[in-house]
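Engineer: I would like the atomic coordinates for the input below:
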Amino acid sequence: MKTRFILDGMLGALARWLRICGYDTEYINNTPDEELIRRAADERRALLTRDRMLYRKAIKMGADALLVEGRSDVEKLASVSRGFDLELDPTRSRCPQCNGLLITVDKEAVRDKVSHRTFEAYNEFWVCRSCGKVYWRGSHWNNIVETVKAAKRVSSSIEDGGQPL
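Structural biologist: Residues are numbered from 1 along each chain as shown. Sure thing, here's the model as predicted:
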């Protein structure tokens, strides 16, 4: 079974990146530690945090947890990739906003949901099954791909004996 995650309030940006790489990722802000740990266990999710006390509590209670390392989004994504041996692939993206599944749709289905300029410029579109947001591989796509490649490089350099984050 593919790893599923639950992230605490300190890791909102990381939640988006994990979703972009295709991982089922719940982001929960302003929730007591015990509730996060209970949900992680009940939903069979790995708990990701930067909070050392929460991490220790989770491990003590038998939860699957990782203390996320790194300062930048790239380093944090690399930390999780290493910790769970993840394949980072933005072509498998989930909705970065709500974690819903994306489905490929016919271009005509989004004609009235995107600007005329976007409709004319792109031929491939995806829609979130949950929130209905429309996606396409616009100018931001290269930045997404480069960020994921950088995380892969950082992850593999550490595995090959490089300096830890």
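
Engineer: domains for the protein, by residue range?
Structural biologist: Domain ranges of the chain: 5-93+141-159, 102-135, per automatic domain parsing.

Engineer: which regions of the protein sit below the pLDDT cut-off?
Structural biologist: Scanning the chain for pLDDT under 70 picks out the ranges 1, 158-165.

Engineer: okay if I get the domains of the chain as JSON lines plus mean neighbour count?
Structural biologist: Every C-beta, even on glycine, is put in place using the N, C-alpha and C of the backbone. As requested, those are exported to JSON lines (neighbours: other Cβ atoms under 10 Å):
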{"stretch": "domain 5-93+141-159", "mean neighbour count": "18"}
{"stretch": "domain 102-135", "mean neighbour count": "13"}
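
Engineer: where does the residue most central in space within the chain land in three-state SS?
Structural biologist: Note on the chain: the residue nearest the mean C-alpha position is Leu18, at 1.4 Å, using Cα atoms, centre = their mean. Secondary structure assignment for Leu18 (DSSP: H, G, I helix; E, B strand; the rest coil): helix.
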